[in-house]
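Asks: sequence first, then the predicted structure:
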Amino acid sequence: MQLIPNIIFSTILLISIGFFVRNLKRLRRNINLGRGQTEPINNKPQRWRNMIRIALGQSKMVRRPIAGVLHIVVYLGFIIINIELIEIIIDGVFGTHRIFSSMGVFYGFLIGSFEIFAVLVLISVLIFWFRRNLIRLKRFYELKMIGWPKLDADLILYFEIVLMSLFLLMNATDVGFQNMNNGNVISGMIYPYFTEFSIESLHVFERTFWWLHIIGILIFLNYLYYSKHLHIILAFPNTFYGSIENKGKLNNMNSVTNEVNIMLGKSNESEISEDVNFGASDVKDLSWLQLLNAYSCTECGRCTNSCPANITGKKLSPRKIMMDIRDRIEEVGKIIDLNGSFVDDNKKLIGDYISEEELWACTSCNACVEECPISINPLSVIMDMRRYLIMENSSAPGELNNMMSNIENNGAPWPYNQQDRLNWNE
Amino acid sequence: MSKLKIKTVEDFQKEGKSAEILFWVGCAGSFDDRAKRITKAFVKILNSANISFGVLGKDESCTGDPAKRAGNEFLFQMQAMSNIEVLNSYEIKTIVTTCPHCFNTIKNEYPELGGVYEVYHHTQFINKLLEEGRFSIDGGTFRGKKITYHDPCFLGRANKVYNAPRNLIKKIDAELSELKRCKSKALCCGAGGAQMFKESEKGEKEINIERANEIKDNPAKIVATGCPFCNTMLTDGTKSFEDNDTVEVFDVAELIVKAKDL
């Protein structure tokens, strides 16, 4: 009978991990639907450094100091407090209680820091909630942010509030831990409010908080796949694979190089095997990296907030572009789940999710790329979609067609003769 | 205006010589009346420093940047490949340009297509001349005057060139008064991504007006920049002020020419 809690715990743990792994596999499959071109994954040392600096070191977060510092607190708290998970899982599986407490002073130091971080996280998360719900920062309220994205953002904050509170309450009602008086820096202040309860009641409280805490964590783990909170994992591969070239470099399409070489007589047609479509009209035309970008997006809106088109009231929002991609890839993924393979649903990213008006408003200024705290590149997506509009759909704004035919005919975007190139010195 | 001393790389070739640098003038620098003044200013600087430079003249053609950013990769690569062919036939090693768009394209997008050169924006090149002691700037007309600087996206964020133009503004002894949104946080002028050649999408205001208002809030009465397109956009933007509050837009090269009275 004594083993029942251990069995229940192990079962819940295994189911949670199993479900999480299943979703990770689905995530991998969806990302691998992308087949567009990416830059070669060379210079690994530089990429590791980027990951350490940008994802682990949060270097880009502090470009906005208030949100940046608060985020670093929550991030550090998350990482540090999760060390406690090791003990919780061992205790749960083997029926022990605070197995590491024999470490003595060091244990007290660890739990003490967890408790302090729990309070700091609570404060930061509350400030985040105020910013989002009372101050109502403009960037959290564009059209695309209504409904699930808003609820998702709030749910994450509620999760954190509940988990941090449960952690502190679990420690506060643990009479044995309180009597050790080792590391109960915060919970020791809560404990006095519980002293009127009997030892038995406190034990029931402690067990309840303990179970709610770990079950909460496992639910949160499985919530990730459905949430923008997935960034806590994907920020790492995203910053590793993010471009290490100058931001101004827009990739040269290999498929076009082949065609141009044929036109110039530099290679012959037999060298082209696959039939390619130029640019991206739907998610599977994008690269796996662009799809990874979409899954990594935390919807913070720094991109949109710095986008010159968006600032001046145009429809373009780089964040919306990334969110649209994720929505569409999820939709495509569900069709595959249902039918075993993709069945055309007569929908496309362009048209059904993203309008041409949005795409033509971009100035390719790279502000969105610069601002993203985890190296997402919305500009590359916009450019790939423009490529589709121009090269597959021939639907450029008329003035751009004029510009392009000028370049074609006289080597300048304006109708001046190439022979007059030196006339500036007249 | 008197003609400036210029030679084409073809002229150099005929003499059996080669120029130290190729000055890539660019479409704006060749054809746009405002940008032509930037071209001339830079040529005056080159001549004053006795730099042997050649231009391509009628052999020069659009780099393909606006086509590429509009989405026409075909046209871009056709332009790129034929330009690279021309550049390589003249055995060009070093290219200097007054246009950040040409700079970005030749520097970052041409190498993969077979065009590998040492590429400088003119503000970088002038700094290089200063470092090598081949050119000097000591104060002049702008001494003590407040000048602000607008970062062109394709020079700043795109290629992390933030200091070269700023250093030159300091060299003319002007007081650099930064805009609120500067360096990597700079606001675009509104011309990039082929926007220069089309009407903007529907919105509340034009991007250049947004930027011009920011410039107006700055105590400086002169705004420097390093891009012919930014120059046009900011000139149009600042002209739109109803009170005709005069803010003048200059390229950094033009400021140097004025400061040194070249």
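Replies: Great, that's in hand.
Asks: burial count for residue A:144?
Replies: Neighbourhood size, residue A:144 [other C-beta atoms under 10 Å in any protein chain shown]: 17. C-betas here are computed from N, CA, C, even on glycine.
Asks: okay, the nearest residue to it once chain neighbours are set aside and chain B: tell me how far apart.
Replies: Take residue A:144 and drop its neighbours on the chain: the residue closest to it by C-beta to C-beta, 6 or more residues apart in numbering or on different chains is residue A:320, 4.4 Å away. The gap separating residue A:320 from chain B is 14 Å, by C-beta to the nearest C-beta, to the nearest Å.
Asks: what lies in contact with the helix or strand where residue A:210 lies?
Replies: Residue A:210 belongs to helix A:199-223 when assigned by DSSP states H and E. By C-beta atoms under 8 Å, 6 or more residues apart in numbering or on different chains, the residues outside helix A:199-223 that reach it are A:9, A:12-13, A:16, A:19-20, A:23, A:85, A:88-89, A:92, A:155, A:159, A:162-163, A:166-167, A:169-170, A:173-175, A:194, A:197, A:229.
Asks: can you check stretch A:342-354 too?
Replies: Counting by C-beta under 8 Å, 6+ apart, A:280-284, A:320-321, A:324-325, A:327-328, A:331-332, A:335-336, A:356, A:359, A:385, A:388-389 sit against stretch A:342-354.
Asks: emit the ChimeraX select command for whichever of those are buried.
Replies: Remark: buried members of the contacts of stretch A:342-354, expressed as a ChimeraX selection using 16 or more other C-beta atoms under 10 Å in any protein chain shown:
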select /A:280,281,282,283,284,320,321,324,325,327,328,332,335,356,359,385,388,389
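Asks: burial count for residue B:76?
Replies: 29.
Asks: likewise residue A:204?
Replies: A total of 12 residues lie near residue A:204 under the criterion other C-beta under 10 Å.
Asks: what's the distance between the residue nearest to residue A:184 when sequence neighbours are not counted and chain B?
Replies: In this structure, residue A:184 finds its nearest non-sequential neighbour in residue A:178, 5.7 Å apart by C-beta to C-beta, 6+ apart. Taking C-beta to the nearest C-beta as the measure, residue A:178 falls 50 Å from chain B.
Asks: give me the secondary structure label for residue A:178.
Replies: helix (DSSP: H, G, I helix; E, B strand; the rest coil).
Asks: let me know the helix or strand that the residue nearest to residue A:144 is in.
Replies: Per DSSP H and E: residue A:320 is located in helix A:318-339.
Asks: export that helix to PDB, keeping only CA atoms.
Replies: Extracted in PDB, the C-alpha atoms of helix A:318-339 (Å, rounded to 0.1, in the frame of the first residue of the first chain):
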ATOM      1  CA  PRO A 318       6.400  41.400 -38.600                       C
ATOM      2  CA  ARG A 319       5.100  39.700 -35.500                       C
ATOM      3  CA  LYS A 320       1.800  38.900 -37.200                       C
ATOM      4  CA  ILE A 321       3.700  37.400 -40.100                       C
ATOM      5  CA  MET A 322       5.500  35.000 -37.800                       C
ATOM      6  CA  MET A 323       2.200  34.200 -35.900                       C
ATOM      7  CA  ASP A 324       0.500  33.600 -39.200                       C
ATOM      8  CA  ILE A 325       3.200  31.100 -40.200                       C
ATOM      9  CA  ARG A 326       2.800  29.200 -37.000                       C
ATOM     10  CA  ASP A 327      -1.000  29.100 -37.300                       C
ATOM     11  CA  ARG A 328      -0.800  27.900 -40.900                       C
ATOM     12  CA  ILE A 329       1.800  25.200 -40.200                       C
ATOM     13  CA  GLU A 330      -0.300  24.000 -37.300                       C
ATOM     14  CA  GLU A 331      -3.300  23.800 -39.700                       C
ATOM     15  CA  VAL A 332      -1.200  21.900 -42.300                       C
ATOM     16  CA  GLY A 333       0.100  19.600 -39.500                       C
ATOM     17  CA  LYS A 334      -3.500  18.800 -38.500                       C
ATOM     18  CA  ILE A 335      -4.400  17.900 -42.000                       C
ATOM     19  CA  ILE A 336      -1.400  15.500 -42.100                       C
ATOM     20  CA  ASP A 337      -2.500  14.000 -38.700                       C
ATOM     21  CA  LEU A 338      -5.900  13.400 -40.100                       C
ATOM     22  CA  ASN A 339      -5.100  12.100 -43.500                       C
END
